[in-house]
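In: with the sequence up front, the predicted model follows.
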Amino acid sequence: MRLLPSLLLAGLLSGPAAAQTAPALKTDSLNLRKIYDEALLRGQSYENLRYLCERIGGRLAGSPQAAQAVEWGKVTMEKAGCYDKVYLQECMVPHWVRGAREKGQIIGNKNKGVPAAVCALGGSVATPGSKPLRAGVVEVQGLDELKALPDAAVRGKFIFFNRPFDDALVEPGAAYGKAGDQRRSGPAEAGRRGAVGALVRSLTAAHDDYPHTGATNYGDTPTKVPGAALSTIAADQLSQLLKADPKLEFELTMSCQQLPDEKSYNVIGEVRGTKYPEQIITVGGHLDSWDLAQGAHDDGTGVVQSIEAVRLLRAAGLRPERTVRTVLFMNEENGTRGGDKYAAQAQQNQEKHLAAIESDGGGFTPRGFNVQASPAVFQKVAAWKPLLAPYLAGQLTPGHAGTDIEPLAAAVHPTALFGYDCDSQRYFDIHHTAADTFDKVNKRELELGGGAMAALIYLLGKYGL
């Protein structure tokens, strides 16, 4: 078994890590090795994910599949045998249904249709009467370009938002954030301007025929018009044909609808700390997913890793000194009701949350963690890099930690938030599409991620912040 070399120990014993003695660091190295031996040789994440994806499938909030996933989560945590208690936390969630498969086609001046791969954006209204809606098309690169157009140019038309990913950005997540406003707000702005609908280029750098769904928000828009995502191939084709024939039309058929809110639950498993039980470390992912596929990387991987991280600690014989909670959040995709409820309950109970960790970026090869914390706290966390680096998890960078744990920051002010960070280059190829299936997940990558989260919990539980 390989221990930390003396030079590495010397580096760790300077600055903020000085309080950690060489024997303690040696013990930490050995304990992390135990965690990873369990993860790589006897990990359970992969088979748990197989069941969630292949036996339950897509789990949109409010759906029967989401209810099945809640029951699965509770039973799986209980069977893991590592929690002192497992319980449900009620929350009301939106219930949007897609309906029949959407249809889209580009229609030229000879009335011949070219099929276009489309899907409804989450929360969209249907086309009137769920029947085909046909209109001309105005292409724009973003919300600002739409704003600059005169009313006469857009009234009665489809607004086609065709801003692509910025492929010059190294991190695809940055490109996703940069292009995302057209999906979130495009249909609302189209309705405000008198358009009949919005067509949005899928948020991906991939060139394929998978349209990407995702939430859209009408806000206080008085007129709601249907919003659909086009695959990147369909978007490129529509753009090219528009240049040749600005008078062409698009025909869209969608039958989605918003139903009354449904009762659902966060699933919570808790291990009480041996020394500082009042200090809580939360680790979680979101149990819901979009309905087009199995929700494997988004966020089945985060769910099973969050359960596995606590099991790994117990299997390695490590009992945390701080209380640890695994939370399977409901409704991250189209409302964050679960995250809001968890934070509100923590505030009501006047809980002290030391840290929260979220995995919601896929189950690819680990890099480390994004950290939201003060400079002093970040410096302390950075001292753990040499312990995490041998397991590909030593990259600690300031950045957004996660949507479901964000409400905690305002409610109970945890000392730090952590977002599990893995190689994201392939993530947005399948994100929110019919391709997000179990077969896209690599077992070793998945189990390494659970190990990284367990290692961070171990260090937080032992040293605090």
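Out: Perfect, thanks for sending it. Numbering: from 1, shown residues only.
In: top strand in the chain by residue count?
Out: strand 257-271 (DSSP state E).
In: and that one, what's buried?
Out: By neighbour count with 16 or more other Cβ atoms under 10 Å, strand 257-271 contains the buried residues 262, 264-271. (Each C-beta comes from the backbone N, C-alpha and C, glycine too.)
In: export those to TSV and tack on pLDDT?
Out: Output for the buried residues of strand 257-271, formatted as TSV (pLDDT from 0 to 100):
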residue	pLDDT
262	98
264	98
265	98
266	98
267	99
268	99
269	98
270	98
271	98
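In: could I get the residues you listed as JSON lines with distance to residue 92?
Out: Converted to JSON lines, the buried residues of strand 257-271 look like this (distance: Cβ to Cβ, whole Å):
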{"residue": "262", "distance to residue 92": "7"}
{"residue": "264", "distance to residue 92": "7"}
{"residue": "265", "distance to residue 92": "10"}
{"residue": "266", "distance to residue 92": "12"}
{"residue": "267", "distance to residue 92": "16"}
{"residue": "268", "distance to residue 92": "17"}
{"residue": "269", "distance to residue 92": "22"}
{"residue": "270", "distance to residue 92": "23"}
{"residue": "271", "distance to residue 92": "28"}
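In: now do the helices in the stretch 51-200 of the chain.
Out: Here the stretch 51-200 of the chain has its helices, by DSSP state H, counting those that start in this stretch, at 64-80, 143-148, 151-154, 172-179, 181-192.
In: could you say what helices and strands the first one packs with?
Out: Counting by 3 or more Cβ pairs under 8 Å, 6 or more residues apart in numbering; DSSP states H and E, the packing neighbours recorded for helix 64-80 are strand 85-97, strand 257-271, helix 301-315, strand 322-329.
In: can you pull out the low-pLDDT segments for the stretch 251-400 of the chain?
Out: Of all residues in the stretch 251-400 of the chain, none has pLDDT under 70.
In: please identify the deepest-packed of the helices of the stretch 51-200 of the chain.
Out: Among the helices of the stretch 51-200 of the chain, helix 181-192 has the highest mean neighbour count (mean count of other Cβ atoms under 10 Å), at a mean of 23.
In: circling back to that earlier point, to residue 54, which of the helices and strands packed on helix 64-80 lies closest?
Out: helix 301-315 (13.0 Å; Cβ to Cβ).
In: could you give the angle of that closest one to helix 64-80?
Out: Orientation check (axes from the mean of the first three to the mean of the last three Cα atoms, to 10 degrees): helix 301-315 against helix 64-80 gives 10 degrees.
In: now do helix 301-315: which elements does it pack against?
Out: By 3+ Cβ pairs under 8 Å, 6+ apart, helix 301-315 packs against helix 22-42, helix 45-51, helix 64-80, strand 257-271, strand 276-286, strand 322-329, helix 443-463.
In: closest to residue 384 out of these?
Out: Taking the helices and strands packed on helix 301-315 one by one with Cβ to Cβ, helix 443-463 is closest: 5.3 Å.
In: before we move on, the earlier item: kindly reformat the helices of the stretch 51-200 of the chain as TSV containing mean pLDDT and distance to residue 367.
Out: Listed next are the helices of the stretch 51-200 of the chain as TSV, based on pLDDT from 0 to 100; distance: least, Cβ to Cβ, whole Å:
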stretch	mean pLDDT	distance to residue 367
helix 64-80	98	26
helix 143-148	97	32
helix 151-154	96	43
helix 172-179	96	12
helix 181-192	98	26
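In: what's residue 160 in contact with, if anything?
Out: Applying Cβ atoms under 8 Å, 6 or more residues apart in numbering to residue 160 gives the contacts 137-140, 198-199, 230, 235, 238-239, 242, 250.
In: any of those residues buried? List them.
Out: By neighbour count, with 16+ other Cβ under 10 Å, the contacts of residue 160 hold 137-140, 198-199, 230, 235, 238, 242, 250 as buried.
In: residue 98 contacts residue 258, correct?
Out: No - judged on Cβ atoms under 8 Å, residue 98 makes no contact with residue 258 at a distance of 11.3 Å.
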